[in-house]
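Participant: Turn this into a structure:
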Amino acid sequence: MKVLNTISFSCFQYKTPENHGNRFDVGDIVFREDSEEVGVVLQVFNHDELRTDMFGNHNAHLMNLATKEQISEHRPKLLNYLMPKSKKQLKRLESLFPNNTPKNIRCYDNGESGDRYTCVFTGRYTHKTGGEYWYLGMSDDPFHPQGIGQSGTSPTQIDRPKYSHLGKKVSFEELPFKVKQYVIDTYLYLWGFTDEYGQTVD
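Facilitator: Here you go, the predicted model:
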């Protein structure tokens, strides 16, 4: 079993090599027999070692994929954050969220203001938002008590025909980790993969 969005369980951005040779992958839900703990795989180092959100770095040979029963008993809240089950939703997810990266966004950085980062959501979704286009304005950490994380709507895309007022164009990968978290949470909700609490909708 896998979670829909691993970034929700992370405090930092972790990198996993493509050919790691491990039987587990990022997003897998694993169970430690010795401590009866359930964790989400956040990073794989090699064929032996991985990192989880609950018990840090650990030997992959000392754990197994968690069953639904084990998750229900030891960490039941995880059942609300699983990958969609329906083939239709999985196909949509692959199209709109390839490699855990939002496809339909444009990102900007003006480099100086409190809400220096802007993310504009693109694609055909306005039939669900009353004809309005969504965007986010964010500081480096929109979740911090003194940070900025605000959403807005507009009858037209705020970066069309010009975007100079938003700063320079940047890729999603160039955004700070906490900004990525906020963008992904909003993106998955906008496209109907999660509800307003971040729980999977199938």
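Participant: make it CA atoms for all contacts and neighbour counts henceforth
Facilitator: Will do.
Participant: What strands line up against the longest strand along the chain, and which way round?
Facilitator: Ordering each strand of the chain by length in residues (DSSP state E) puts strand 37-44 first. Applying DSSP bridges, strand 37-44 is found paired with strand 29-32 (antiparallel), strand 49-52 (antiparallel).
Participant: Just the C-alphas of the last one, formatted as PDB.
Facilitator: Okay, so that is strand 49-52. What follows is strand 49-52, C-alpha atoms only, in PDB (Å, rounded to 0.1, in the frame of the first residue of the first chain):
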ATOM      1  CA  GLU A  49      18.700   1.100   3.800                       C
ATOM      2  CA  LEU A  50      15.700   3.500   3.700                       C
ATOM      3  CA  ARG A  51      14.200   6.400   5.700                       C
ATOM      4  CA  THR A  52      10.700   6.500   7.000                       C
END
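Participant: can you list the residues that contact the longest strand of the chain?
Facilitator: With Cα atoms under 8 Å, 6 or more residues apart in numbering as the contact definition, strand 37-44 has outside contacts at 2-3, 6, 9-10, 14-17, 20, 22, 24-32, 50-55, 66, 70-71, 74-75.
Participant: Which of those are buried? Put it as a PyMOL command.
Facilitator: Here is the PyMOL command that selects the buried residues among the contacts of strand 37-44 (16 or more other Cα atoms under 10 Å):
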select buried, resi 2+3+6+9+10+24+25+26+27+28+29+30+31+32+50+51+52+53+66+70+71
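Participant: buried set for the longest strand of the chain?
Facilitator: For strand 37-44, using 16+ other Cα under 10 Å, the buried residues are 37, 38, 39, 40, 41, 42, 43, 44.
Participant: sec struct for residue 118, please.
Facilitator: strand (DSSP: H, G, I helix; E, B strand; the rest coil).
Participant: Residue 94: which of the strands paired with strand 37-44 is closest?
Facilitator: strand 29-32 (19.6 Å; Cα to Cα).
Participant: what comes into contact with that closest one?
Facilitator: 1-3, 37-41, 62-66, 70.
Participant: do you know how far residue 63 is from residue 92?
Facilitator: Counting by Cα to Cα, to the nearest Å, the gap from residue 63 to residue 92 is 31 Å.
Participant: Those two: which has the busier surroundings?
Facilitator: Between residue 63 and residue 92, counting by other Cα atoms under 10 Å, residue 63 is the more crowded of the two (18 against 13).
Participant: all strands for this structure, in order.
Facilitator: 29-32, 37-44, 49-52, 56-59, 63-65, 105-109, 117-121, 133-138, 149-154, 168-170.
Participant: Ramachandran coordinates for the residue lying farthest from the centre of the chain?
Facilitator: Each residue of the chain has a distance to the centre, and by Cα atoms, centre = their mean the biggest one is for residue 34: 29.9 Å. Residue 34 adopts backbone torsions of phi -70, psi -40, taken as degrees, to the nearest 10.
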